[in-house]
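K.L.:
Below are the sequence and a predicted model; questions follow.
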Amino acid sequence: VQLQASGGGLVQPGGSLRLSCAASGFTAENYAIGWFRQAPGKERQWVLCIASNDLVDPYYAGWAKGRFKITLDNTKKTAFLQMNGLNPEDTAVYFCAAAKICGTKDTSYDSWGQGTQVTVSS
């Protein structure tokens, strides 16, 4: 499975960004795409996850609920991370990753994208 993350950039506090994660190479019908982030000097942090099986709702880290939203275009195998109300603490490299089912630990994911930098600054 190959993953390509994009959409990062510089945004002012309070602004929004939408990240994309284009996936290819899935052999199973059901899969999950999650997003993590890693700020300088900090451990990688799980953000949220969505499963291709739309019978279950996406999973969110508590702090991400209400500001971040994940959606999935199953026909294009592309996940989108909409981030609103960004603040400087959201500055990090954002990674997307693929798994069989959603999980909150990075060890649950088999394939990773290259990461996209998000910088929130005035």
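P.N.:
Received it, and whenever you're ready, just let me know what you need. Numbering: from 1, shown residues only.
K.L.:
for the protein, what spans make up the strands?
P.N.:
In the chain, the segments counted as strands under DSSP state E are 2-6, 9-11, 17-24, 32-38, 45-51, 59-60, 68-73, 78-83, 92-99, 111-112, 116-120.
K.L.:
need the contact list for the residue nearest the centre of the chain.
P.N.:
Central residue check for the chain by Cα atoms, centre = their mean: the C-alpha nearest the mean position is that of residue 35, 2.5 Å away. By Cβ atoms under 8 Å, 6 or more residues apart in numbering, residue 35 lies in contact with 19, 21, 46-49, 70, 79, 81, 94-97. In short, each C-beta sits where N, CA and C put it, glycine included.
K.L.:
bridging residues for it?
P.N.:
On the basis of DSSP bridges, residue 35 is bridged to residue 48, residue 96.
K.L.:
I'd say residue 11 and residue 122 touch.
P.N.:
No: Residue 11 is beyond contact range of residue 122, at 9.9 Å (criterion: Cβ atoms under 8 Å).
K.L.:
Give me the more crowded residue out of those two.
P.N.:
Taking residue 11 and residue 122 together and counting by other Cβ atoms under 10 Å, residue 11 has the greater number of neighbours (18 against 8).
K.L.:
I'd like to know how far residue 74 sits from residue 102.
P.N.:
Residue 74 sits 15 Å away from residue 102, going by Cβ to Cβ, to the nearest Å.
K.L.:
out of those two, which sits in the busier spot?
P.N.:
Per other Cβ under 10 Å, whichever of residue 74 and residue 102 has more neighbours is residue 102, with 20 against 13.
K.L.:
Leaving out sequence neighbours, find the closest residue to that one.
P.N.:
Leaving aside its sequence neighbours, residue 102 sits nearest to residue 49 (Cβ to Cβ, 6 or more residues apart in numbering; 3.7 Å).
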